[in-house]
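> below are the sequence and a predicted model; questions follow.
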Amino acid sequence: MHILGIDPGPVTSGYVHAEFSGERGRVVIHTSHADLKNEDIAFILRTWVRDFRGPYRIAIESPMAIYSTVGQSTIETIKWTGEFRSLARPHVTEVSPQEVRLAICGTAQAKDPGVRQALIDRYGPRGTIKKKGQLYAVTKHAWRALAVAVVVLDREANRNDLTSAPAATTVKSP
């Protein structure tokens with residue numbers, strides 16, 4: 001399954017196009033940008049939704065206000081999140097920052113370095129210029145975009161497991 005992961009920001013956003021195989025530890029990063037202009041991501045979404053053939057999802061981290069006052073940067077991020085969501089319909093899934101940390105690290109108190117390390121633990125090291133790993137192209141905000149994509153991948157896998165599981169049977173004891 002192909003998943004576009006987006007970590008929205010006020011002017012630029014982290015973006016990853018990842019293709020996940022059936023194996024838990026296999027991912028192909030087709031493109032990764034740590035700070036791509038939001039206008040460019042909007043163009044990618046328009047093109048993707050119109051032209052891509054095959055199963056895919058678009059995963060967007062939903063912004064969250066953690067302070068009592070919200071600044072202009074947060075407002076701009078919320079605007080862009082809405083724009084991305086509207087362009088990606090009906091294939092969009094939003095994920096909260098807490099859900100990302102909990103699903104990837106097992107705790108909602110994890111920080112970005114912990115999320116990055118959990119992804120490396122799952123998919124292997126980034127590698128070097130000479131010996132690139134699966135995650136070589138992922139940097140800065142793209143780590144968060146990849147984490148959002150992985151959460152959506154795991155949700156889809158769990159949903160498929162639940163829908164393909166045999167129906168429960170009741171056995172009466174004599």
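Great, that's in hand. As the structure is a prediction and not an experimental result, all values here were calculated from the model. Numbering: from 1, shown residues only.
> okay, CA-based contacts and neighbour counts for the rest of this
Will do.
> using CSV, list the CA coordinates for the longest strand anywhere in the chain.
Secondary structure assigned by DSSP state E gives strand 27-37 as the longest strand of the chain. C-alpha atoms of strand 27-37 as CSV (Å, rounded to 0.1, in the frame of the first residue of the first chain):
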residue,chain,number,x,y,z
VAL,A,27,9.2,0.1,3.4
VAL,A,28,10.3,1.8,0.2
ILE,A,29,10.6,5.6,0.5
HIS,A,30,9.8,7.0,-3.0
THR,A,31,10.1,10.7,-2.0
SER,A,32,10.8,12.5,1.2
HIS,A,33,11.0,16.2,2.0
ALA,A,34,11.7,17.7,5.4
ASP,A,35,10.5,21.2,4.5
LEU,A,36,8.4,21.2,1.3
LYS,A,37,6.4,24.4,0.6
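> pLDDT averaged over that strand - what is it?
Strand 27-37 carries an average pLDDT of 90.
> after that strand, which helix or strand is next?
Sequence-wise, the next helix or strand downstream of strand 27-37 (DSSP states H and E) is helix 38-51.
> buried residues of that next one, list them for me.
For helix 38-51, burial by neighbour count (16 or more other Cα atoms under 10 Å) applies to 38, 41-42, 45, 48-49.
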